[in-house]
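Asker: From the sequence below, what's the structure:
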Amino acid sequence: MARPSEYTSEIAAEICERMSQGKGLRQICEADDMPSRKTVMRWVEAHEEFRHQYARAREALYDWIAEEAIRIADDSSGDYFIEDRNGQSVVVPDHARVQRARLQVDTRKWLLSKLAPRKYGDKVELLAASSDGPNELKISWQTFDPIVRPNEGPPAPRQITYQPHPLPADLAPEDWDLLNQVLALIKRTIPSDDDSPPAEILAVMRDALLTHFREQAETSSV
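Answerer: Numbers count the residues shown, from 1 in each chain. Just a heads-up that it's a prediction; the model follows:
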């Protein structure tokens, strides 16, 4: 019997029924009473009603694959076998079968994450897909208005950003050695439970240096 090539609603419904029962399009088209895969795809493009029906059948196929993955994972009937060892029956785990089942489950999980990422993907999609194109993220800026209007609170303050001075591009070895000594001195001198801000600590060091050199200057002038 020749494969059907002309579109009929009966054949289209049968294709979708078999797909919703867990058969992929390739397996369906291998049957003698079904059209070729190329013919089915041509029907999908040409007939809007079949296109929507085919899309719903694919969604049902994905659910069937997910249920099949659960069935494989829950089936422990062949995980062990009985082996005769020196006249005694010993229960031995079948590691090869367990690994095979894991591969089957992982393959189905990967396939579902690619074909139906919104439902079975690892990451929840927060942006709704547009029917006319891909997802779009739109960002807009609001103009800051400093004028206070009646019955309204004060405007939000402008954000202040901290931009530290860039580190020196190049220091001589003796300069790096001096910085390391200063850092070591600070760590040895300041108690570990002291929470003084760096500016306060640096101010103490500055005052101590000024006092020291001022006293030296006064002594040398006498």
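Asker: quick one: low-confidence ranges for the chain?
Answerer: Applying pLDDT under 70 to the chain picks out residues 1, 123-171, 220-222.
Asker: where along it do the strands fall?
Answerer: 80-85, 88-93 (DSSP state E).
Asker: if I look at residue 105, how far off is residue 21?
Answerer: Distance of residue 105 to residue 21, given as C-beta to C-beta, to the nearest Å: 20 Å. Bear in mind the C-beta positions are built from the backbone N, C-alpha and C, glycine included.
Asker: which residues in the protein form helices?
Answerer: Along the chain, counting by DSSP state H, helices occupy 9-20, 25-29, 37-46, 48-74, 95-115, 117-120, 173-189, 198-221.
Asker: what packs against the longest one?
Answerer: Looking back up the chat, that one is helix 48-74. Helix 48-74 makes packing contacts with helix 9-20, helix 37-46, helix 95-115, helix 117-120 when contacts are defined by 3 or more C-beta pairs under 8 Å, 6 or more residues apart in numbering; DSSP states H and E.
Asker: how about a markdown table for the ones you listed, with distance to residue 207 added?
Answerer: A markdown table is the format used below for the helices and strands packed on helix 48-74 (distance: least, C-beta to C-beta, whole Å):
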| stretch | distance to residue 207 |
| --- | --- |
| helix 9-20 | 83 |
| helix 37-46 | 83 |
| helix 95-115 | 64 |
| helix 117-120 | 64 |
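Asker: Switch the ones you listed over to a markdown table, and while doing so, append mean neighbour count and distance to residue 193 to every line.
Answerer: Listed next are the helices and strands packed on helix 48-74 as a markdown table, based on neighbours: other C-beta atoms under 10 Å; distance: least, C-beta to C-beta, whole Å:
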| stretch | mean neighbour count | distance to residue 193 |
| --- | --- | --- |
| helix 9-20 | 17 | 69 |
| helix 37-46 | 14 | 73 |
| helix 95-115 | 13 | 51 |
| helix 117-120 | 14 | 52 |
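Asker: Out of the ones you listed, flag the one nearest residue 3.
Answerer: helix 37-46 (7.6 Å; C-beta to C-beta).
Asker: So what's the residue count around residue 183?
Answerer: 10 (other C-beta atoms under 10 Å).
Asker: so what's it up against?
Answerer: Contact analysis of residue 183 by C-beta atoms under 8 Å, 6 or more residues apart in numbering lists nothing.
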